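S.K.: Task: produce atomic coordinates for the following.
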Amino acid sequence: MAGLDWLTARPVAHRGLHDADRGVLENTLSAARAAIEGDYAIEIDVQPDRDLEPVVFHDETLDRLTTGSGKVAALSAAELADIPFKATSDRIPTLRAFLEAVDGRVPVIVEVKTDGTGMADFCARIAEIVNGYEGPIAVMSFDPGSVDAFRQIAPALPRGIVAESFRDEKPEGTTAWNRFSMRHLLHAGRTKPHFVAYCVDDLPALAPLLLRWVFGVPLLTWTVRTTAQVRRGRRWAGQIIFEGFRA
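M.R.: Okay, the predicted model is just below:
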């Protein structure tokens with residue numbers, strides 16, 4: 001896809017440039033500000049609140065990172081905004097609020113968390129919000145159904161598939177065939193991803209490298225944390241999604 005050079009132009013801060021030891025937690029506005037100051041692109045996670053409003057948060061439950069507990073999807077965005085992250089003044093932002101804070105200064109890559117069913121209504125809500133954003137932005141998901149939903153709902157919105165070997169990871173509700181298909185990107189003819197984000201520890205791998213070298217599909221790799229992973233990522237991919245250091 002033309003016009004996607006920005007996807008690989010600079011390292012991508014995984015969930016923002018977070019550092020818990022300095023009181024900057026993942027997927028917060030503080031992590032976004034730190035990434036902007038470092039001139040990094042930002043990767044974030046979004047999932048639905050009770051009303052399918054996209055909120056920026058990784059886990060299904062609040063317990064690990066906030067003073068709250070229970071499922072994110074059980075609460076509204078307004079209720080989630082009242083729950084502090086642990087030992088910080090940050091709150092869980094909506095996707096709209098997060099994008100307003102970034103304001104196009106660096107690229108944003110939105111990983112869409114779903115239940116594995118595609119969640120077309122949720123994808124449509126994300127597309128509605130992103131449609132009015134003027135900065136460089138893309139969406140991606142482990143869920144091929146979600147990628148296909150974006151293909152149909154917002155074909156011009158850059159969309160990517162997130163994948164890995166799935167040899168050790170067996171997402172709930174998937175079959176061996178599902179995992180084989182996702183590992184080898186067999187859905188690509190249908191979902192037509194504009195880019196791929198593949199696990200660094202699983203590179204080199206035939207499918208993402210075929211898409212990169214033969215079809216010119218940009219390849220990102222995640223999550224890069226060590227010197228060895230940096231070397232591997234830069235050898236096989238166009239750009240790294242990193243955390244735990246400054247790339």
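S.K.: so who does Ala197 touch?
M.R.: Counting by Cβ atoms under 8 Å, 6 or more residues apart in numbering, Ala197 touches 109, 140, 160-163, 219-222, 241. For the C-beta atoms, the positions are set from N, CA and C on the backbone; glycine is no exception.
S.K.: Could I get the pLDDT score of Met1?
M.R.: With respect to pLDDT, Met1 scores 48.
S.K.: no no, Glu60
M.R.: pLDDT, read off for Glu60, is 96.
S.K.: any idea which element Val55 lies in?
M.R.: strand 54-56 (DSSP states H and E).
S.K.: now swap in Val139 and tell me
M.R.: strand 137-141.
S.K.: which strands and helices sit next to whichever helix or strand comes after that strand?
M.R.: Downstream of strand 137-141, the next assigned helix or strand under DSSP H and E is helix 144-153. If you count contacts as 3 or more Cβ pairs under 8 Å, 6 or more residues apart in numbering; DSSP states H and E, helix 144-153 packs onto helix 120-131, strand 137-141, strand 159-163, helix 188-191.
S.K.: need those in TSV with mean neighbour count and distance to Leu99, can you?
M.R.: Formatted as TSV, the helices and strands packed on helix 144-153 follow (neighbours: other Cβ atoms under 10 Å; distance: least, Cβ to Cβ, whole Å):
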stretch	mean neighbour count	distance to Leu99
helix 120-131	18	7
strand 137-141	25	7
strand 159-163	26	17
helix 188-191	15	24
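S.K.: Which residues does the helix or strand bottoming out on mean pLDDT in the chain contact?
M.R.: Between all helices and strands in the chain, the lowest mean by mean pLDDT, DSSP states H and E belongs to helix 176-183, at a mean of 94. For helix 176-183, contacts defined as Cβ under 8 Å, 6+ apart pick out 142, 144, 163-167, 170-171, 174, 186-187, 205, 207.
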